[in-house]
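> Any chance you could fold what I've pasted below:
(chains A and B)
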Amino acid sequence: MPAFPDARDYQILFLSLFLVLGLSTRDWTLKPEIIATAIVTCLVVQVIISHVVSAIRLPSSVSSARPSINVRSPLITALGLSLLFRTDRLDIMALAAGLAIASKFVFQFKGKHCFNPANFGIVATILLSHSGWVSPGQWGENAWYVAVFLATGGLVLQRVGRWDTSIAFLGVYGLLEVGRNLWLGWTWDVVGHRLMSGSLILFALFMVTDPRSIPNARIGRLLWAGAIAVLTFILRNYYFVSTAVFWALFALSPVTWLLDWWLPAERFAWRSSSTIQVEQQGVNSPYPPPLEAALVPQIAPLRSDAA
Amino acid sequence: MKFLRSFIILLLVCFTMLMASPPAWAFCGFYVAKADAKLYNQASQVAIARDGNRTVLTMANDYQGPVKDFAIVVPVPVVLQREQINVGDPKIIERLDAFSAPRLVEYFDPDPCMPIPPPAAAPFPGSLARSSATAESRQRRDNTLGVTVEAQYTVGEYDILILSARESDGLETWLRENGYRIPNGASQLLQPYIRQRLKFFVAKVNLDKFEQSGFQSLRPLQMAYESPRFMLPIRLGMVNARSEQDLIIYLMSPKGQVELTNYRTVKIPSNETIPVFVKDEFSNFYKAMFKTAYTRENKRVAFLEYAWNMGGCDPCAADPLTPEELRKAGVFWLNFPTRPDVGGRGMPIVRPNVFITRLHVRYTRDKFPEDLMFQETSNQEFFQGRYILQHPFKGDLSCRAGQEYKRQLSQRFEQESQTLARLTGWDIRDIRRKQPTADYRPEPWWRSLWN
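Numbers count the residues shown, from 1 in each chain, chains lettered A, B, ... in the order given. Down below sits the predicted model:
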């Protein structure tokens, strides 16, 4: 029996651990008040929009069934934003957090999020405000951190059943970088340096694997993760975008519904642990409406038609 | 149905692929000795002013050898026109250095027996001077080596060639045939740049022009270009360097701090109170402290030494650069009021939209395999390497408060010694020996008992 029944609890634990680790050893520009802003904003926006949405959907006679408030998902989004997004202004962090949570409600298709909330918050805030940035170098390329990410990420992914996505992304991206390296004639330590980047590993394990926003079918996921890897490679090496992974994920997120439509997912619905939960839209579900999603995966999603 | 869906997806993919097709580009090079001069470029200084894709790069070097033996090869993104190349004012790099250098500040304790006069603070300009100098190169020849001389100019005291090459072996042979002493292994390092279709900026000193110019040392070379790449090639520079090399980069942006994207950027230890005797050996102190921090970070980070808006400083190690000096440093976007009367009412203080970041990178081949990649951020946080000397009060301390002051002083000296030992790795016993004594003897407890 696992210590936490919900895989998201592991995520919250690990992301908090990374944050403490980063703050104490990585000399970040991050300030506690900015982290607090992210957490408070995410929770408040989640609560407000949940209430508004349920009020709109429900006839007044049923309104005694108040929506249960989902804390885990906004917390994960807030921690993810704190880890990845940099700003020296509280209002910009609040904007990113607000946009991240709002995106879950606005951009959804058949109850499934279109974007990873943290990713959406980061990209939208950079586009809208031109303030805030992502520091892809700030985790360095220390093998010890990579090991920590792999171990913790593996634990969560195993419970969620989304290893395939991480492997497809890292595999395709790694192969492309190795190929380019061979063609250019750089030495092997160049490609090693590129692939050992803590930020890349963090992204591959904790962001690209969010089951609430990625394709349901395994083939779909493999194709999708491979496409993100290719786009990342192109953006990074030919357009010199240092934060290519975030833009690639953002750009390809809407393809998810296309893949879900093309490759219906029944036979790929993984039930890897005893904690499968059926997520249905509406207040009668024992679980909160499908608003949660997060930086990181939670439980293997089942399509409503498969349930 | 399934087939139709697959077909639609395929169409979409093809369409998306057609939409995207790439151009490419990049940048600092390596120094090529002619004859047998031993060259090490161990403390280079580069200033980069960048807004959007537009970049002005200024390269200075502390090259000390005979001028005639000096040449530089730098990968550049495009064939540079004559107007894109300039010989800069050597004072500019010195000014940037002086303005952004880590600084020592001095404070003096007030007389503890004469309470309250506010403490006087005297800014003390930092040291750490580094001189400038620069590059050079040579002739053209084409032939079967696959090397094309794209352009050739004489700018100031430099003869400049822009070369493109098809094969690194050809380029290496060409350089050798034209009298450049290429370090072994250079061809292997040139290949990746050739494959990325970079050109090579080759400069050497035109001795006649150099003598006419009357300058004692080589002036910095500047180039202006447009490229999405925000990087500094350091790999070529490692060919003719035996050991650790120091590179100081002054990055100017209209937006905010600049940081590295493929290595960590770490703040140098700052705002520490250290023993007063360090005043006479600040440069030794800084070197030792840098080395300690560098080793602690496993030798694979870039240190942030300064980040500030060009409009001011507190305390100033040197005056901020004037608009004219900023322009000479390559800042092309300045929105300063061009006429002095703008602003009118007595306080025409307008901050220039120039944010300077000073990065200090000490690199070796094994810890820095990749060229340096930068990104501009909107981070407006100020930072400076600042070290504090707190002079004790010297005078009559016979009053009761004076005794208390002495007691605190001996604790403070010990604290300062420990800080210095931690920062520099120096032996704490040597430090304690150099520290003054507070001359504090605790009064026996019984003395005040019966009086």
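> Can you pull out the low-pLDDT segments for the chain?
In the absence of a named chain, chain A is used. A:1-5, A:27, A:29, A:58-68, A:265-307 (pLDDT under 70).
> wrong one, chain B
Applying pLDDT under 70 to chain B flags the ranges B:1-3, B:7-43, B:61-64, B:115-143, B:181, B:239-242, B:336-351, B:451.
> where exactly do the helices run in it?
B:2-19, B:90-100, B:168-177, B:186-195, B:207-213, B:282-296, B:323-328, B:400-424, B:428-434, B:447-450 (DSSP state H).
> starting at the chain centroid, how far to the last one?
To tie it back to what came earlier, the one meant is helix B:447-450. Distance, stretch centre to chain centre, for helix B:447-450: 62 Å (Cα atoms, centre = their mean, to the nearest Å).
> which bits of the stretch 151-300 of chain A sit near chain B?
Residues of the stretch 151-300 of chain A lying near chain B by Cβ under 8 Å from any Cβ of the partner chain: A:183-187, A:189-190, A:192-194, A:197, A:234, A:238-240, A:242-243, A:258, A:261-262. All C-beta atoms are positioned from the backbone trio N, CA, C, and that covers glycine.
> Can you tell me which of these are buried?
A:184-186, A:189-190, A:193-194, A:197, A:234, A:238, A:240, A:242-243, A:258, A:262 (16 or more other Cβ atoms under 10 Å in any protein chain shown).
> Taking the residues you listed, tell me the two that lie furthest apart.
A:Asp189 and A:Trp262 (40.8 Å; Cβ to Cβ).
> How about chain A: which residue is closest to chain B?
A:Tyr238 (3.3 Å; Cβ to the nearest Cβ).
> What separation do you get for that residue and A:Trp247?
Computed as Cβ to Cβ, to the nearest Å, the A:Tyr238 to A:Trp247 distance reads 13 Å.
> same question, A:Val230
Distance, A:Val230 to A:Trp247, by Cβ to Cβ: 13 Å.
> With neighbour numbers in mind, choose between those two.
A:Trp247 (21 against 16; other Cβ atoms under 10 Å in any protein chain shown).
> Just the element for that one, please.
Element membership for A:Trp247 (DSSP states H and E) is helix A:244-252.
> Neighbours of the residue lying closest to A:Thr41 once chain neighbours are set aside, how many?
Nearest residue to A:Thr41, sequence neighbours excluded (Cβ to Cβ, 6 or more residues apart in numbering or on different chains): A:Ala97, at 3.7 Å. For A:Ala97, the count of nearby residues is 30 (other Cβ under 10 Å).
> helices and strands around the helix or strand harbouring A:Ala97, which ones?
Per DSSP H and E: A:Ala97 is located in helix A:90-106. Contacts defined by 3 or more Cβ pairs under 8 Å, 6 or more residues apart in numbering or on different chains; DSSP states H and E place helix A:90-106 against helix A:32-57, helix A:72-84, helix A:117-129.
> B:Tyr158: which of the ones you listed is closest?
Nearest of the helices and strands packed on helix A:90-106 to B:Tyr158, taken as Cβ to Cβ: helix A:117-129 at 40.9 Å.
> Helices along chain A, start to end?
A:7-25, A:32-57, A:72-84, A:90-106, A:117-129, A:143-160, A:163-184, A:188-195, A:198-206, A:218-238, A:244-252, A:255-262.
> Let's have these in TSV, adding distance to B:Asn53.
Formatted as TSV, those follow (distance: least, Cβ to Cβ, whole Å):
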stretch	distance to B:Asn53
helix A:7-25	31
helix A:32-57	30
helix A:72-84	25
helix A:90-106	24
helix A:117-129	18
helix A:143-160	33
helix A:163-184	23
helix A:188-195	23
helix A:198-206	24
helix A:218-238	14
helix A:244-252	17
helix A:255-262	29
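> ranking these by burial, who's on top?
helix A:72-84 (a mean of 28; mean count of other Cβ atoms under 10 Å in any protein chain shown).
> Tell me how far that one lies from the chain's centre.
9 Å.
> Return the list of helices and strands in contact with that helix.
Packing partners of helix A:72-84 (3+ Cβ pairs under 8 Å, 6+ apart): helix A:7-25, helix A:32-57, helix A:90-106, helix A:117-129, helix A:198-206.
> Turn the ones you listed into a markdown table, including distance to B:Thr364.
Formatted as a markdown table, the helices and strands packed on helix A:72-84 follow (distance: least, Cβ to Cβ, whole Å):
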| stretch | distance to B:Thr364 |
| --- | --- |
| helix A:7-25 | 23 |
| helix A:32-57 | 35 |
| helix A:90-106 | 37 |
| helix A:117-129 | 34 |
| helix A:198-206 | 21 |
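> now the strands for the stretch 251-400 of chain B?
Taking DSSP state E, counting those that start in this stretch to define them, one finds strands in the stretch 251-400 of chain B at B:258-260, B:264-267, B:272-274, B:301-309, B:355-363, B:372-376, B:383-384, B:386-391.
> May I have the second one exported as CSV, CA atoms only?
Spelled out, that is strand B:264-267. In CSV, the C-alpha atoms belonging to strand B:264-267 read as follows (Å, rounded to 0.1, in the frame of the first residue of the first chain):
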residue,chain,number,x,y,z
ARG,B,264,24.6,28.2,-14.7
THR,B,265,25.0,31.9,-13.9
VAL,B,266,25.9,32.4,-10.2
LYS,B,267,26.3,35.6,-8.2
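> And that strand, what's buried?
So for strand B:264-267, counting by 16+ other Cβ under 10 Å, buried means B:Arg264, B:Thr265, B:Val266.
> do the first one as well
Of the residues in strand B:258-260, those with enough neighbours to count as buried (16+ other Cβ under 10 Å) are B:Val258, B:Glu259, B:Leu260.
> what's the nearest residue to the second one once chain neighbours are set aside in contact with, if anything?
Here the nearest residue to B:Glu259 in space, its sequence neighbours aside, is B:Thr265; by Cβ to Cβ, 6+ apart that works out to 4.3 Å. Counting by Cβ atoms under 8 Å, 6 or more residues apart in numbering or on different chains, B:Thr265 touches A:Ser135, A:Gly137, A:Gln138, B:Glu259, B:Val301, B:Ala302, B:Phe303, B:Leu304, B:Leu359.
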